[in-house]
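Novice: Need a 3D model of the sequence below.
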Amino acid sequence: VYSGKFSGRHTHENLDMSRDKIERAIDFYAAHSRSQSEGNISFYGGEALLCTEEIFHATDYAKRIMPKKNLSFTISTNGLLLNKKFFSWLANNPCVVLNVTLNGSSQDKYRRTTSGEGTLTTLLEKIDEVKNFFPQVWKNQLGFICNYADFEELVAQRDFYLHVVKKMPLLI
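Specialist: Now for the predicted structure:
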């Protein structure tokens, strides 16, 4: 948990990693994982898709400096910034998995825009877009993360994923 509300926990900084820092972090990872044939780099925190150009750069850089390592990448997002350009990039980078937080029928309870609007309708439109225009991304690279408050909500989320999304979340 990253929040100032919990004792002993960090708060988020209002900073993005520079390209130089990204490259130094990947260089460090490469140097300290030489004996491993596989590796994973994850992008998250705040909203990862606010920095898509940095993600594109980081994945290209990592693949360039670790060409023999079987690399995979994971991106966590609230999904609001997804667009055709990003889906197209995903389609060309099958080693990248995207995890979208979608809290089913409770989405608008948990996830609202800064203006107070619910985000469920927008996310469902983006899901339809990826299903229709990027079926391989839908099938192989798109996962969901779902939060719930209690057993009753868990059952509702399951039903939502089965009947509306037609794909179960990776994490519930």
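
Novice: Tell me the spacing between L142 and D27.
Specialist: Using CB to CB, to the nearest Å, L142 is found at 30 Å from D27. All C-beta atoms are positioned from the backbone trio N, CA, C, and that covers glycine.

Novice: Looking at these two, which is more packed in?
Specialist: L142 (22 against 14; other CB atoms under 10 Å).

Novice: What are the buried residues along stretch 132-145?
Specialist: For stretch 132-145, the neighbour count (16 or more other CB atoms under 10 Å) marks F134, V137, W138, Q141, L142, G143, F144, I145 as buried.

Novice: Show me the two of those residues that sit farthest apart.
Specialist: Using CB to CB, those span at most 19.6 Å, a distance reached by F134 and I145.

Novice: just for the chain, where's the confidence low?
Specialist: Scanning the chain for pLDDT under 70 picks out the ranges 1-13, 171-172.

Novice: So which residue is smack in the middle of it?
Specialist: The residue lying closest to the centre of the chain (CA atoms, centre = their mean) is S76, at 1.9 Å.

Novice: State the distance from that residue to E47.
Specialist: S76 sits 9 Å away from E47, going by CB to CB.

Novice: Which residues are in contact with the residue lying farthest from the centre of the chain?
Specialist: Here the chain reaches farthest from its C-alpha mean at S35, the gap being 27.5 Å by CA atoms, centre = their mean. With contact set as CB atoms under 8 Å, 6 or more residues apart in numbering, S35 has no partners.

Novice: part of a strand, is it?
Specialist: No: the assignment for S35, made by DSSP: H, G, I helix; E, B strand; the rest coil, is coil rather than a strand.

Novice: Just want the phi and psi numbers for it.
Specialist: Dihedral pair for S35: phi -80, psi -10, per degrees, to the nearest 10.

Novice: 23 is where my numbering starts, stick with that
Specialist: All set: I'll call the first residue 23, so the last point we hit is now S57.

Novice: Distance check, it against Y83.
Specialist: Going from S57 to Y83 by CB to CB gives 21 Å.

Novice: and if you look at R180?
Specialist: Taking CB to CB, one finds R180 at 39 Å from Y83.
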